[in-house]
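Asker: quick one, fold the following:
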Amino acid sequence: MDSSKKSIEEQGIDTVRVLSADAVQKANSGHPGTAMALAPVGHVLWKEYLNYNPKNPDWANRDRFILSCGHACILQYSFLHLLGYDLSMDDIKNFRQLNSKTAGHPEYGLCPGVDVTTGPLGQGFANGVGFAIAQKHLAGRYNKPGFELFNYHVYAICSDGDMMEGVTSEAASIAGHLELGNIIYLYDDNHISIEGSTDIAFTENVEERFASYGWHVQHVDDANDVHALNLAIRNAKSETQKPSLIRVRSLIAYGSPNKSGTAGSHGSPLGADEVKLVKEFFGFDPDKSFYVSKEVEEYYKEIGARGIETEKKWNDLFAQYKEKFPELAAEYLSASAGELPKGWKDKLPVFKASDPKMATRQASGKVLNAIAGSFPNLIGGAADLAPSTETNLKEYDSFTSENRNGRNFHFGIREHAMGSAMNGMALTKGVIPFGATFLMFSEYMRPPIRLAAIMKIAPIFVYTHDSIGLGEDGTTHQPVEQLISLRSIPNITVIRPADANESAQAWRVALEHKTGPTVLVFTRQGLPILDQDKYGKAENLEKGAYILSDSEKTPEVILIATGSEVALIMDAQAKLTEEGIATRVVSMPSWELFEKQSDAYKEKVLPKAIKKRLAVEMASPLGWHKYVTDEGDTLCMTTFGESAPADDLYKHFGFTVDNVVKKAKALL
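Answerer: Numbers count the residues shown, from 1 in each chain. Prediction:
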């Protein structure tokens, strides 16, 4: 059919389909089929429902859009380009190429209009739950009668693959329980995955499943039915208590004569000849690539331009809000700018050496509660472990479906979804999220931790029960390889403090850090509090490693440790000193922070001339060689732990003063 005889709406939708096919074909890589099938869905969303401003993609009350099936990103890129975002046709042509804004999956911070980096399936779905929680929290704190500052919705397009991933089930369960009626997700039910028809692996009734989670569920039988899509989304917006799922039946690669409805159009270009047939099917010139008619260009630019007025109305409302509620407005502006409250560091507790032994998880809890009053935007919780991780904010309520002002989150035993939701919360300006579980269960959170590092956002991951020191729970709960595994992630900061005062400083560093996630690692067992008047100051934690206790003359050996093992090497130093061996003790709570220091500082702490070094950590020895040199050694874990009381385990695995002394002397 001649495209000029179609309505401008049909022309626009078909233009996105052809653009998608062209971009994937030029890249010789990508997923054209889903984008071609869902062009009507994208059109309805961006034309009728999403609030956004292409000239200011980050304005506070915009609706969030998440492409959870990130492989179909050329769909999103095409609309962003047409609507007037800072995304040129050259960017579309450079899809999946080096240094392009149009990466193979949407990347936050790289492409304007992308609210979150979605890669692994299910992550975007779960991120959206975090976005929705953050919106409810902001509304609960700042909205006033006549001033609905924060009333945006969270939209997402999800795929069969998203529905199969376990994190989706966790996140959907949370969303239903919390009655997050600001969520509207469209599920592309195209029955195709990489291996073929989804029938080979996926035959459940998704609608009934989501209804059982407490979601409002609808279906649209044909993705090309724009009227039905409009009606379903309108119904979803009117449902304010339940999150909404709209199952949309689509035909993958709609318009492709030979590949529609097949797995061949899912993860591969259609082929040059097939792309020409697609263009002929939609009435386009088969010999023209990346073609957008003047009429379609103007049509979408006018739609995008409406967002300027939408934001202006919100800005006018906020200006009135500032006059009526100046303190709340100032608080929000400061928090959303990433500023920290004045005087908050004065509230950090200082612990005395004369105090009883204290687990660093307990110290962390004291710190959190001491500063919570200064940080109304510091919100979080645990995966059903708040009493164990000491992360309950004692003077504040729980966040529930009835109380959006609560600051304690009960994520349930859903570590994976907790991490993903934290990322959505961290991507919301004005919110600082933390989430806690045992270090062993960081394994369940690996995708969101990694994605937080990629996005350079700053959720705070709190992990306790950090070693064989947790004792009787045994090998399944005693982390060994987790520390080095986390440290190996680029753009992450892992901090394992040695005592209560280092724990306070760890929280300080975490809250001041803005360009990546921070992992705080705490003990279950009690530890002595190091004398701040006698030894190196805990404030030095910000440097990653520092001289905690030095010898009177040039050291013959340097003992290095993190966390609970620092107290052990302090005792070993005393014994070595008695035997006339000059020994330096270095507390090294964070490799990443240490690596940011100057060469001069590193040389001061770990002089190249002193090569006799022993690193002591109840974790894998991997990575320590860099710091102990060829003439040094490690006392670490090379096996899994055992089930026994902690003191018995220390002896069994050699984490004793006598063994540290023995290994240090062996170096000499």
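Asker: Trp240 against Ile183, yeah?
Answerer: Actually, residue 240 is Thr rather than Trp. No - assessed by C-beta atoms under 8 Å, Thr240 is found out of contact with Ile183, at 11.0 Å. The way it works is simple: take the backbone N, C-alpha and C, and place the C-beta from them, glycine included.
Asker: Lys604 - how many residues pack around it?
Answerer: If you count neighbours by other C-beta atoms under 10 Å, Lys604 ends up with 12.
Asker: which non-adjacent residue is nearest it?
Answerer: Excluding the flanking residues, the one nearest Lys604 by C-beta to C-beta, 6 or more residues apart in numbering is Ile547, at 7.7 Å.
Asker: what do you get for Leu393?
Answerer: Excluding its sequence neighbours, the residue lying closest to Leu393 (C-beta to C-beta, 6+ apart) is Ala372, at 4.9 Å.
Asker: now do the SS call for the residue nearest to Lys604.
Answerer: Following DSSP: H, G, I helix; E, B strand; the rest coil, Ile547 is assigned to strand.
Asker: residue numbering should commence at 24 henceforth.
Answerer: Done: numbering now begins at 24, and the last item shifts to Ile570.
Asker: how about the contacts made by it?
Answerer: Residues counted as contacts of Ile570 (C-beta atoms under 8 Å, 6 or more residues apart in numbering) are 559, 607-609, 627-628.
Asker: likewise Pro612?
Answerer: When contacts are counted by C-beta under 8 Å, 6+ apart, Pro612 touches 518-521, 525, 529, 564, 567-568, 585-586.
Asker: and it, what's its pLDDT?
Answerer: Predicted confidence (pLDDT) at Pro612: the value is 98.
Asker: what backbone torsions are found at it?
Answerer: The phi and psi values for Pro612, taken as degrees, to the nearest 10, are phi -70, psi -20.
Asker: now do Ile275 against Asp622, distance only.
Answerer: 55 Å (C-beta to C-beta, to the nearest Å).
Asker: quick revisit: distance of the residue nearest to Lys627 from Ala58?
Answerer: In this view, Ile570 and Ala58 are 57 Å apart by C-beta to C-beta.
Asker: same check on His214?
Answerer: 17 Å.
Asker: same check on Val680?
Answerer: Using C-beta to C-beta, Val680 is found at 64 Å from Ala58.
Asker: what's the answer for Ser196, then?
Answerer: In terms of C-beta to C-beta, Ser196 sits 30 Å off from Ala58.
Asker: still on that earlier bit, Ile275 and Asp622: who's more crowded?
Answerer: Per other C-beta under 10 Å, whichever of Ile275 and Asp622 has more neighbours is Ile275, with 28 against 7.
Asker: doesn't Leu172 make contact with Asn166?
Answerer: Yes - using C-beta under 8 Å, Asn166 makes contact with Leu172 at a distance of 5.6 Å.
Asker: looking only at neighbour counts, state which of these two leads.
Answerer: Using other C-beta under 10 Å as the criterion, Asn166 and Leu172 rank with Leu172 on top: 21 against 17.
Asker: need the phi and psi values for that one.
Answerer: Dihedral angles for Leu172 - degrees, to the nearest 10 - are phi -60, psi -40.
Asker: so what's it up against?
Answerer: Taking C-beta under 8 Å, 6+ apart as the criterion, Leu172 is in contact with 83-84, 161-162, 165-166, 337, 340-341, 344.
Asker: where in this protein is pLDDT low?
Answerer: 24-27 (pLDDT under 70).
Asker: returning to that earlier point: what is the nearest of the contacts of Ile570 to Leu462?
Answerer: Val609 (22.5 Å; C-beta to C-beta).
Asker: tally of neighbours for the closest one?
Answerer: Neighbours of Val609 (other C-beta under 10 Å): 25.
Asker: what about it, which SS state?
Answerer: At Val609 the chain is in strand, as set by three-state DSSP.
Asker: so for Thr263 and Ile206, which sits in the more crowded spot?
Answerer: Ranked by neighbour count (other C-beta under 10 Å), Thr263 and Ile206 place Ile206 first, with 30 against 9.
Asker: so what's the more buried one up against?
Answerer: Counting by C-beta under 8 Å, 6+ apart, Ile206 has contacts 151-152, 155, 176-177, 179, 198, 266-267.
Asker: mind doing that once more with 10 Å?
Answerer: Each residue near Ile206 by C-beta atoms under 10 Å, 6 or more residues apart in numbering is listed here: 87, 148, 151-152, 154-156, 158, 176-179, 194-195, 198-199, 238-239, 259, 262, 265-268.
Asker: ChimeraX command for the buried members of those residues?
Answerer: Applying 16 or more other C-beta atoms under 10 Å to the contacts of Ile206 leaves a buried subset, and the ChimeraX line that selects it is:
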select :87,148,151,152,154,155,156,158,176,177,178,179,194,195,198,199,238,239,259,265,266,267,268
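Asker: if we can go back for a sec, beta partners for the residue nearest to Lys627?
Answerer: As for beta bridges, Ile570 partners with Val609 under DSSP bridges.
Asker: look at Ile207 and tell me its secondary structure.
Answerer: strand.
Asker: doesn't His176 make contact with it?
Answerer: Yes - using C-beta atoms under 10 Å, Ile207 is in contact with His176, at 5.7 Å.
Asker: shared neighbours, those two?
Answerer: Joint contacts of Ile207 and His176 (C-beta under 10 Å, 6+ apart) are 72, 86, 155, 256, 259-260, 267.
Asker: picking that back up, which one's more surrounded, Ser196 and Ala58?
Answerer: Ranked by neighbour count (other C-beta under 10 Å), Ser196 and Ala58 place Ala58 first, with 30 against 18.
Asker: pretty sure the more buried one belongs to a strand, no?
Answerer: No - per three-state DSSP, Ala58 lies outside any strand segment and is helix.
Asker: which parts of the stretch 124-273 of the chain are strands?
Answerer: Under the criterion DSSP state E, counting those that start in this stretch, the stretch 124-273 of the chain contains strands at 177-182, 206-212, 215-216, 219-220, 239-243, 267-272.
Asker: and Leu98, what is it in contact with?
Answerer: With contact taken as C-beta under 10 Å, 6+ apart, Leu98 is in contact with 39-40, 42-43, 54-55, 57-62, 64-65, 90, 92, 180.
Asker: for Phe341, see how far away the nearest residue to Phe348 once chain neighbours are set aside is.
Answerer: Closest residue to Phe348 apart from its sequence neighbours, by C-beta to C-beta, 6+ apart: Lys167 at 6.4 Å. Lys167 sits at a distance of 12 Å from Phe341 (criterion: C-beta to C-beta).
Asker: now Lys302. Nearest residue, chain neighbours left out?
Answerer: Closest residue to Lys302 apart from its sequence neighbours, by C-beta to C-beta, 6+ apart: Pro309 at 4.5 Å.
Asker: wait, the one you found touches Asp45, no?
Answerer: No - with contact defined as C-beta under 10 Å, Pro309 does not reach Asp45; the gap is 11.2 Å.
Asker: please say which of those two ends up with more neighbours.
Answerer: Between Pro309 and Asp45, counted using other C-beta under 10 Å, Asp45 has the larger neighbour count: 26 against 13.
Asker: element containing that one, please.
Answerer: Applying DSSP states H and E as the criterion places Asp45 in helix 31-50.
Asker: packing partners of that helix?
Answerer: Counting contacts by 3 or more C-beta pairs under 10 Å, 6 or more residues apart in numbering; DSSP states H and E, helix 31-50 packs against helix 55-67, helix 96-106, helix 112-116, helix 249-261, helix 295-304, helix 317-347.
Asker: save those as TSV, and put in distance to Ser220 too.
Answerer: Shown next, in TSV, are the helices and strands packed on helix 31-50 (distance: least, C-beta to C-beta, whole Å):
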stretch	distance to Ser220
helix 55-67	14
helix 96-106	22
helix 112-116	31
helix 249-261	24
helix 295-304	20
helix 317-347	34
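Asker: if anything else comes up later, I'll come back, but that's it for now.
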